[in-house]
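In: Mind folding the following:
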Amino acid sequence: MKGSEEEDKLKPSLAKMFSVMHKSVWEYSKKMLAELRRHNYVTPTNYLELVSGYKKLLFDKKNELGGAADKLRNGLSKIDDTRQKVEKMSIELEDAKTKVAQFQKQCDEYLVIIVQQKREADEQQKSVAQKGERIAEEETKCQHMADLAQHDLDEALPTLRGIE
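Out: Have a look, this model is predicted:
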């Protein structure tokens, strides 16, 4: 229902309420005059002031409630937007968790391969080092034999030259 339709429905009730209030004030003013001998005048101007005061209060409260309703709508809209974003992020998070699990599995597999290759490389390095030591020992022996052969040759060459 629109605001003006609601106001139209309330107008007869409000008019009756205002007339009852104005009449009761007039009756209490008569009672006050009789008991306290004090005059309290109830005029149509008083009635109009009551109505204008009510209209101002009604207008202020409508604005206050309208502002609160707008804030509430905005808040609910923000909550709905945030809920949608959270749902979207949750889906993205699940996808990311799946990818991370796959990458972790691949990393573990690569780590096993790397450890195995490092072990093989260490074994090859030990083997090469051992062969290097043997070759060095053999080179030392060969050099010693070459030195002996050169020494024998140096002794035999002058004899061979003398024979020629």
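
In: alpha carbons only for contacts and neighbour counts from here, please
Out: Noted.

In: any weak-confidence spans in this protein?
Out: 1-3, 164 (pLDDT under 70).

In: quick check: longest helix of this structure.
Out: If each helix of the chain is counted by residues according to DSSP state H, the longest one is helix 44-163.

In: From the chain's centroid, how far away is it?
Out: On the basis of CA atoms, centre = their mean, to the nearest Å, helix 44-163 sits 20 Å off its chain's mean C-alpha point.

In: Show the secondary-structure elements that that helix is packed against.
Out: With contacts defined as 3 or more CA pairs under 8 Å, 6 or more residues apart in numbering; DSSP states H and E, helix 44-163 has no helix or strand neighbours.

In: try 10 Å
Out: Counting contacts by 3 or more CA pairs under 10 Å, 6 or more residues apart in numbering; DSSP states H and E, helix 44-163 packs against helix 3-36.

In: Next, the angle helix 44-163 makes with the helix it packs on.
Out: Interaxial angle of helix 3-36 relative to helix 44-163 (axes from the mean of the first three to the mean of the last three CA atoms, to 10 degrees): 130 degrees.

In: Dump stretch 131-148 to CSV, restricted to CA.
Out: This file holds the C-alpha atoms of stretch 131-148, laid out as CSV (Å, rounded to 0.1, in the frame of the first residue of the first chain):
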residue,chain,number,x,y,z
LYS,A,131,89.1,-43.9,-9.7
GLY,A,132,90.9,-40.6,-9.6
GLU,A,133,92.9,-41.9,-6.6
ARG,A,134,93.7,-45.2,-8.4
ILE,A,135,94.7,-43.3,-11.6
ALA,A,136,96.9,-41.0,-9.5
GLU,A,137,98.6,-44.0,-7.9
GLU,A,138,99.0,-45.7,-11.3
GLU,A,139,100.4,-42.4,-12.7
THR,A,140,102.9,-42.3,-9.9
LYS,A,141,103.9,-45.9,-10.6
CYS,A,142,104.1,-45.2,-14.3
GLN,A,143,106.2,-42.1,-13.7
HIS,A,144,108.5,-44.1,-11.5
MET,A,145,108.8,-46.8,-14.1
ALA,A,146,109.4,-44.0,-16.8
ASP,A,147,112.1,-42.5,-14.6
LEU,A,148,113.8,-45.8,-14.2
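
In: Need the contact partners of it.
Out: With contact meaning CA atoms under 10 Å, 6 or more residues apart in numbering, stretch 131-148 is reached by 125-130, 149-154.

In: likewise stretch 11-26?
Out: By CA under 10 Å, 6+ apart, the residues outside stretch 11-26 that reach it are 7, 27, 29-32, 40-44, 46-48, 50-51, 54.

In: Please list only the buried members of those.
Out: Taking 16 or more other CA atoms under 10 Å as the criterion, what is buried in the contacts of stretch 11-26 is 29-30, 47.
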